[in-house]
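below is the sequence, then the predicted model.
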Amino acid sequence: MHAHETAPAASTALADWRADAYRRFERERTRPATDLLARVPPGARQRIVDLGCGPGNSTALLAERYPEAAVIGLDSSPDMLVAARERLPQIEFRLGDISEWSDPAADLVFANAAFHWVPDHIGVMRRLAEALPPGGCLGVQMPDNQDEPSHVLMREVATALRFHNKLAGAARARQSIGDFAGYDAALSPICDVDLWRTTYVHRLAGPDAIVAWVESAGLRPFLNPLDADERALFLQLYRAEIARAYPPSADGGALLPFPRLFIVATRR
């Protein structure tokens, strides 16, 4: 599952993820996956599952590091899976939901930017960690940017619009990220746990690029319930707020700070 909330029926044009929009910032989105994988303990792996594999950028990293392992990608977006299969035809990709998935044979479960969309994600992580064999590893990265202007402003714009009732549940589609202590308490009884937080600073072309970034991911719960005219108005107001919150640099671009939370849990 890669930020794949179930969209209301009125928003079928946006109901599935758009792999092309997601891949526009693929280099920036892949860097956290690279950093997460670097902290997975060394050693051979036999079976790896990439949860919320998206268009396969993180899956490619796993296949390259573990060429002898069986690697499977799981995602709830058909469009993402089409892109992933085109990219990595030798890899098995499956349609599925993280909250329901299980595979006791997996000795590395990897999830880059997916668990923040999973209800009770700490409980799901605990379940997956308990299923790992000794030495098996759960590696998770989640955006931790709900308090950044990019996300505060989408909530503020939503409440200001005449159709705000349509967006009453938008902010709840994404799960709140907990503190280090909560994840440690859930996982440390059965795993050695490595926790850290990194703030990436992305240099983007300007406000339009920032809007395009979040439109392909974080804005989806706010845009999905709207018709085309409402969506255009939302984006117009949101872009104006983003331009004020992220002032241009000397070259006309803008800096987007992006905090992320990382967890590597290794089964004892």
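Received it, and whenever you're ready, just let me know what you need.

ok, for P207, nearest residue in space, not its chain neighbours?
Leaving out its chain neighbours, the residue that sits closest to P207 by CB to CB, 6 or more residues apart in numbering is A243, at 4.1 Å. Every C-beta, even on glycine, is put in place using the N, C-alpha and C of the backbone.

so the one you found, which of the three states?
helix (DSSP: H, G, I helix; E, B strand; the rest coil).

burial of it, as a residue count?
Other residues lying near A243 total 16 when counted by other CB atoms under 10 Å.

again, but for Q236
Per other CB under 10 Å, the neighbour tally for Q236 reads 11.

mind listing what it touches?
Neighbour list for Q236: empty [criterion: CB atoms under 8 Å, 6 or more residues apart in numbering].

on that earlier part again, just the pLDDT for the residue nearest to P207.
On the pLDDT scale, A243 is placed at 96.

same check on the one 4 residues further on?
At P247 the predicted local distance difference test score is 93.

would you agree it falls within a strand?
No - per three-state DSSP, P247 lies outside any strand segment and is coil.

mind checking how far stretch 205-216 is from the chain centre?
Taking CA atoms, centre = their mean, to the nearest Å, one finds stretch 205-216 lying 16 Å from the centre of the chain it belongs to.

so for it, what gets flagged as buried?
Judged by neighbour count (16 or more other CB atoms under 10 Å), stretch 205-216 contains these buried residues: G206, P207, A209, I210, V211, A212, W213, V214, E215, S216.

for G54, phi and psi?
phi 60, psi -140 (degrees, to the nearest 10).

neighbours of it, how many?
By other CB under 10 Å, neighbour count at G54 equals 32.

my guess is it contacts S76, does it?
No - using CB atoms under 8 Å, G54 makes no contact with S76, being 10.4 Å away.

which residues of the chain score low on pLDDT?
1-19, 21-23 (pLDDT under 70).

do that again at 50, thanks
Counting by pLDDT under 50, the chain contains low-confidence ranges at 1-14.

picking that back up, of the buried residues of stretch 205-216, which belong to helices?
Using DSSP state H, the subset of these located in helices is P207, A209, I210, V211, A212, W213, V214, E215.

and of these, the nearest to Y200?
Using CB to CB, W213 comes nearest to Y200 of these, at 11.8 Å.

wait, what's in contact with that closest one?
W213 touches R24, F25, S150, H202, L204, L256, counting by CB under 8 Å, 6+ apart.

could you redo the last one with a cut-off of 10 Å?
A21, Y22, R24, F25, E28, R29, S150, H202, L204, L219, L256, F258 (CB atoms under 10 Å, 6 or more residues apart in numbering).

what's the spacing between it and E26?
As judged by CB to CB, to the nearest Å, W213 and E26 stand 11 Å apart.

A33 now?
A33 sits 10 Å away from E26, going by CB to CB.

may I see the buried residues of stretch 137-154?
Buried residues in stretch 137-154, counted by 16+ other CB under 10 Å: 137-146, 148-151, 153-154.

narrow the residues you listed to those in helices?
P149, S150, H151, L153, M154.

reformat those as JSON lines; add distance to L233.
Listed next are those as JSON lines, based on distance: CB to CB, whole Å:
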{"residue": "P149", "distance to L233": "20"}
{"residue": "S150", "distance to L233": "19"}
{"residue": "H151", "distance to L233": "19"}
{"residue": "L153", "distance to L233": "15"}
{"residue": "M154", "distance to L233": "14"}
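
the residue of the chain most remote from its centre sits in which helix or strand?
Ranked by distance from the centre of the chain (CA atoms, centre = their mean), the top residue is A250, with 30.9 Å. Assignment of secondary structure by DSSP states H and E places A250 within no helix or strand.

got a list of what the residue positioned nearest the centre of the chain touches?
Central residue of the chain (CA atoms, centre = their mean): A113, 2.4 Å from the mean position. Applying CB under 10 Å, 6+ apart, we find A113 in contact with 2-3, 22, 29, 32-33, 36, 52, 54, 58, 140-143, 217, 260.
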